[in-house]
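Asks: sequence and predicted model, in that order:
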Amino acid sequence: MELTLYRDEAIFDILRAEWNALLRRSQSDTIFLTWEWQATWWHYLGALRGDLYVLAARRDGWLIGILPLYLTQDPGGKTLQVVGCIEVSDYLDLIVESGQEQDVYAAFLTWLAGPEAPDWDLLDLCNQPAVSPAHVLLPEMARARGWLVDVLEEDVCPVITLPVIPSEAGPDAGWEAYLATLDKKQRHEIRRKLRRMDREAPGWRVRLVEGGSELPAAMDTFITLHRLSSPAKDTFMTEQMQAFFRAMAQVLAERGWLQLSFLEIAGQPVASYLCFDYANEILVYNSGYDPQASSQLSPGWVLLAEIIRYAIARGRARFDFLQGNEEYKYRFGGVDTQVYRTLIRRRQG
């Protein structure tokens, strides 16, 4: 096996043709590890945070691993993290062809112990999905080198397994099958909110934007609604973050992976969800709403119900709420999946 180290942003162009093909052969095929997400994140959010260290692992010229890392330094020490490792990426991992993990991880740890690696104190592998073998295999391999390892349950991602209904069953059969999986109280609540929206806001509609010339203006509207939602969201959406969101939406839309929806009342958008349509799943990434506009009609809840209905109609297998254990996710039927963090430290002294 041959490991090649790359230190600058040109690596994203060098590996572009092979990146997503390898990701599809891995255990952790998630939108947050696609070339599109990783390259955009690094350009807009990562380059000012640290130094890039990307390892490409090949066997007989065949790409079997991409280890996208960056090094940060603070008073606590020097930390290697996976590209994307801040709050905007819900799943991350080392990208390794399925079945090759043991060999690639061993080569990676050897590199970490060798002279080509930077001086580091901590390897922080955040946001690892439950399906990743990294939080299972890497700890013992690292401990065998005398390093200290902690594996933490970092967060949960509630997920709905959506019903699969034959097309001949009718347009509402899947929706009704989904509602039947909820407890009676929640099923009644969703239907009540939909009826109230029909009664008190006749002509309301859901507008879906998946790309095209209307996307830039739609993203402006989304960002406005996001910032109106709460003081915390307003603070989060800095100019730098806005630039990332706009660029990310554009590049994902070009691949057919973006689903930006608005609930409009009397022609005015009052709630929005930014979702991803990837690998037969809908991933609920972020949201926004105007708390001063028709809040008594629960437009956010109504829009979420319609997004789920749409996912079922499209035949998607899963509906992933991504990280966070907010109560509404469980009311809509979310079941927790675990997200892990693997921390590897060199022994001190």
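Replies: Nice, thanks for sending it over.

Asks: and the most centrally placed residue in the chain, what pLDDT?
Replies: What sits nearest the mean C-alpha location of the chain, by Cα atoms, centre = their mean, is Asp90, with 4.0 Å. Looking at Asp90, its pLDDT is 98.

Asks: and it, that's in a strand?
Replies: No - per DSSP: H, G, I helix; E, B strand; the rest coil, Asp90 lies outside any strand segment and is coil.

Asks: got the contact list for it?
Replies: The contact partners of Asp90, taken as Cβ atoms under 8 Å, 6 or more residues apart in numbering, are 32, 127, 157, 283, 285, 322-323, 339. Where you see a C-beta, it was placed from the backbone N, CA and C, and this is true even at glycine.

Asks: tell me which of these fall in strands.
Replies: If you go by DSSP state E, the contacts of Asp90 have 127, 157, 283, 285, 339 in strands.

Asks: and the furthest pair within these?
Replies: Taking Cβ to Cβ as the measure, the ones in strands among the contacts of Asp90 reach their widest spread between Tyr285 and Val339, a distance of 14.9 Å.

Asks: just confirm Thr224 is within a helix.
Replies: Yes - Thr224 sits within a helix when classified using three-state DSSP.

Asks: pretty sure it contacts Ser272?
Replies: No - counting by Cβ atoms under 8 Å, Thr224 sits too far from Ser272 to count as a contact (9.1 Å).

Asks: those two: which is more packed in?
Replies: Ser272 (29 against 14; other Cβ atoms under 10 Å).

Asks: any chance of the contacts of Asp90 in CSV, plus pLDDT, neighbour count and distance to Lys78?
Replies: As requested, the contacts of Asp90 are exported to CSV (pLDDT from 0 to 100; neighbours: other Cβ atoms under 10 Å; distance: Cβ to Cβ, whole Å):
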residue, pLDDT, neighbour count, distance to Lys78
Phe32, 98, 25, 24
Asn127, 97, 24, 20
Cys157, 98, 24, 30
Leu283, 98, 24, 32
Tyr285, 98, 22, 31
Leu322, 98, 21, 30
Gln323, 97, 17, 26
Val339, 98, 23, 25
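
Asks: which member of those is positioned nearest Tyr105?
Replies: Closest approach between the contacts of Asp90 and Tyr105, by Cβ to Cβ: Asn127, at 17.7 Å.

Asks: and stretch 308-322, end to end?
Replies: 14 Å (Cα to Cα, to the nearest Å).

Asks: can you point out the buried residues in it?
Replies: Of the residues in stretch 308-322, 308-312, 316, 319-322 count as buried by neighbour count, 16 or more other Cβ atoms under 10 Å.

Asks: any idea which of these is closest to Leu22?
Replies: Relative to Leu22, the closest of the buried residues of stretch 308-322 is Asp320; by Cβ to Cβ it sits at 22.0 Å.

Asks: domain parsing of the chain, as residue ranges.
Replies: Per automatic domain parsing, the domain ranges recorded for the chain read 2-156+338-345, 163-316.

Asks: can you list those domains in TSV and add distance to Lys329?
Replies: Below are these laid out as TSV (distance: least, Cβ to Cβ, whole Å):
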stretch	distance to Lys329
domain 2-156+338-345	9
domain 163-316	8
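
Asks: which of these sits closest to Arg331?
Replies: Closest among the domains of the chain, using Cβ to Cβ: domain 163-316, at 5.1 Å.

Asks: ends of that closest one, how far apart?
Replies: 9 Å.

Asks: what does stretch 124-141 give?
Replies: Start and end residues of stretch 124-141 are separated by 15 Å (Cα to Cα).

Asks: chain center to that stretch: distance?
Replies: 17 Å (Cα atoms, centre = their mean, to the nearest Å).

Asks: could you list the buried residues of that stretch?
Replies: In stretch 124-141, counting by 16+ other Cβ under 10 Å, buried: 124-130, 132-135, 137-139, 141.

Asks: between Thr224 and Ser272, what contacts are shared?
Replies: Joint contacts of Thr224 and Ser272 (Cβ under 8 Å, 6+ apart) are Gly288.
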